[in-house]
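>>> what follows is a predicted protein model with its sequence.
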Amino acid sequence: MTVTPTTTESSSAPAPSSPIRGRSRRRGDQVFSTLSMLAGILVLAIMAGIAIFLIIKAIPALRVNTANFLTTSAWLPDNTPSVFGIAALAFGTVVSSLIALLLAVPVGYGVALALAHYAPKRIAAALAFVVDLLAAVPSIIFGLWGLAWLMPRTEGLFAWLDTHLGFIPIFHNTLGVYSRSLALAGIVLAIMILPTVSAISREVFVQAPPAHIEASLALGATRWEMVRMAVLPFSKPGMISAAMLGLGRALGETIAVALVLSATFQINWHLTEPGGNTFAANIALKFNEAGINGQGALIAAGLVLFVLTLVVNVVARLVIARRAEFSGAN
Amino acid sequence: MKITRYGQLAGVALVGTLALAACGSDTQNTAGGSSSPSGSSSIDCGTGSLKASGSTAQANAMSDWINEYQTQCGSGVTVDYQGVGSGAGITDFTNKQTDFAGSDSSLKPDSEQPKADARCSAGPAINIPMVGGAIAITYNVQGVSKLTLTSQAIAGIFAGKITKWNDPAIAAANPGVTLPGSAIISFHRSDASGTTDNFTQFLAAAAPDVWTFQLGKSWTAPGGQGGKGNDGVSTGVKGTPNSIGYVELSYAQNNNLPVTAVDNGAGAVEPTADTASKALGQAKITGTGNNLPVKINYNIKDAGAYPIVLVTYEITCEKGLDAAQAKLVKSFLTYTASDAGQSKLSTTGYVPISGDLLTKVRSAISAIS
């Protein structure tokens, strides 16, 4: 996105103005524009290469699959006959990511607002550094922590939800076992995407035009009114893109989820019961022992994940592009 | 605050690794000490560098063997075995990146065998059973230190049909044991594994009316909790009261978890290298010539034979490797199949191959050229 506009500018702009400066300058521009254009094309080529690789590797396995790839909830690609489908994977991936988004986005915006407009400057800088550090924690650590520390401590919460809100299917637990669930995976994911959401939205909040901020304060607005009228309208596209990038990370998160979840192939709306699986976790858990068909099947699942994240990102871009025009920032 | 917490976790992980490493080297030392005098003369050493990869289930056995082989043969030879998983190991082998593959299951006749044969060009790819194992049923019930389960009860528990520890099906096999009335929490493998494959085949063979789920490397029954790897299941069982799970014997031993005796109709049998080896000796060879894929009799009813066993293979070319590599593969596998090599297995929680099968394994290895 950011590469293409600059390359077109640099390739078209210098041509008319170059006679004044002479030949050498023009050659430098040409070299630079070619290089940057190549870099842009390289990104596209890599994307296309990945897509082609996934498709080529997936087709043989999909051919021998005797079940419907999209609606089946089972994963036995190396059996004869081969049976596998992504229904349960898609369900688990989307549900755990949505839980993560629901939990992380409000908190992330709150953290970002506090850092940008509420906390004293010096503390804000230190806090921002700590939040960014959270993004540097390797995901396997989140997985181990989720399993060893968080899981026993959330069982009480899930049991409470079951007793008091059990009439809502997603909080109901028929087994009385509250561990290794999609809900737990969602919480771990929420913590993992929190730094992404808060760091990006903080960047946006900080960029709110000072003129607007000062004007609203001068008109007697309270700090919250200032945030609501001057900062938030300006920041909306950035906030959406922060949430979407967080979603992208949650969708693709692998090892933490693989450690925390009790991988099963059922679509189970009782989200606090053990079970559930995601695309990325399934690939990590199954690839080592997969036979030739099994590897192809996992690559097919990877292709779906690839498309899913691509769609999420494209939608996010479209939303941002539409909102940008009437955000009131200009 | 957070950072110290991660630090603690990292510390725990580190200590765990060190502890495991310590275990490994410990057993290696004792085993090496006892077998080196007899083994030193028996190894026909090759020279050069041997590369192999595959099954993680046999990785510990391989590292013991490699250690011993290299100690005896000196610096002229190096053997490298990467535990990348059976499927990846077979792919490495068919892509000519390795000289043999370790695998939890024999080559699939329709899809994998033709590709492996093509890699060997001059001769077929052969499956050589080399490392046996026992799958232990481990449990965590307060106050119960000795437990016997019938095959029917095991299938019932893992199928989710027996849900309480004091179920009559369990109590009947354990007179005099006070069982709690609490719910059974069963653990299975969340990753694909040969352990799950063999365990479910046992359930289907020994209790076909109870175990009606699909078989394979992935767990298919509903309910229960999944743990990643043998260590995931054993830590799960260890940390969860009233739980039960299946792991390879060495993991139950290393974690000091109690194991159940299994009664498949001929009395209770504890899982040990001897009882499992007895069952493995009854395995039927289903291949032809020097290709030795075996079919285990999971429903074995001999007294003193532990029925839940597995066997892992080395896959290589009978003919068609480079002359130097063939010589090296032959030398190394001859050692692993020798009495010295096989006796090392029982000290590390594996099960040696025995009887007629071992004779056939040795003659298959001698035919490699």
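It's in.
>>> for residue A:85, see how far away the residue of the stretch 1-150 of chain A found nearest chain B is.
Residue nearest to chain B within the stretch 1-150 of chain A: residue A:76 (4.6 Å; Cβ to the nearest Cβ). To be clear about C-beta, it is placed using only N, CA and C from the backbone, and glycine gets the same treatment. Distance from residue A:76 to residue A:85, counting by Cβ to Cβ, to the nearest Å: 10 Å.
>>> residue B:62 now?
36 Å.
>>> more crowded one of the two?
When residue B:62 and residue A:85 are compared for neighbours, residue B:62 comes out ahead with 26 against 22, by other Cβ atoms under 10 Å in any protein chain shown.
>>> next one: the host helix or strand of residue A:43 to chain centre, how far?
Following DSSP states H and E, one finds residue A:43 within helix A:23-64. Distance, stretch centre to chain centre, for helix A:23-64: 23 Å (Cα atoms, centre = their mean, to the nearest Å).
>>> show me what it is packed against.
Secondary-structure packing of helix A:23-64 (3 or more Cβ pairs under 8 Å, 6 or more residues apart in numbering or on different chains; DSSP states H and E): helix A:3-12, helix A:14-21, helix A:292-325.
>>> 6 Å - rerun?
Secondary-structure packing of helix A:23-64 (3 or more Cβ pairs under 6 Å, 6 or more residues apart in numbering or on different chains; DSSP states H and E): helix A:3-12, helix A:292-325.
>>> reformat these as JSON lines; add distance to chain B, mean neighbour count and mean pLDDT.
Listed next are the helices and strands packed on helix A:23-64 as JSON lines, based on distance: least, Cβ to the nearest Cβ, whole Å; neighbours: other Cβ atoms under 10 Å in any protein chain shown; pLDDT from 0 to 100:
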{"stretch": "helix A:3-12", "distance to chain B": "36", "mean neighbour count": "14", "mean pLDDT": "43"}
{"stretch": "helix A:292-325", "distance to chain B": "5", "mean neighbour count": "18", "mean pLDDT": "85"}
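>>> so which of the ones you listed comes closest to residue B:98?
helix A:292-325 (16.3 Å; Cβ to Cβ).
>>> now for the residue in chain B that chain A sits nearest to: which residues touch it?
Relative to chain A, the nearest point of chain B is residue B:85 (2.7 Å; Cβ to the nearest Cβ). By Cβ atoms under 6 Å, 6 or more residues apart in numbering or on different chains, the residues touching residue B:85 are A:288, A:289.
>>> if we go to 7 Å?
Neighbouring residues of residue B:85 by Cβ atoms under 7 Å, 6 or more residues apart in numbering or on different chains: A:288, A:289, B:55, B:56.
>>> count of residues packed around the third one?
Residues near residue B:55, counting by other Cβ under 10 Å, number 31.
>>> right, and it touches residue B:102 too?
Yes: taking Cβ atoms under 7 Å as the definition, residue B:55 is a contact partner of residue B:102 at 4.2 Å.
>>> joint contacts of these two?
Contact criterion Cβ under 7 Å, 6+ apart; residues shared by residue B:55 and residue B:102: B:89, B:312.
>>> quick check: what element follows the helix holding residue A:43 along the chain?
With secondary structure assigned by DSSP H and E, helix A:23-64 is succeeded by strand A:75-76.
>>> contacts for that next one?
With Cβ under 7 Å, 6+ apart, strand A:75-76 has contacts from A:83, A:84, A:265, A:282, A:286, B:214, B:216, B:218.
>>> go on, stretch B:283-293?
Stretch B:283-293 has contacts (Cβ under 7 Å, 6+ apart) with B:106, B:124, B:126-129, B:294-297, B:311, B:318, B:357, B:360-361, B:364, B:367.
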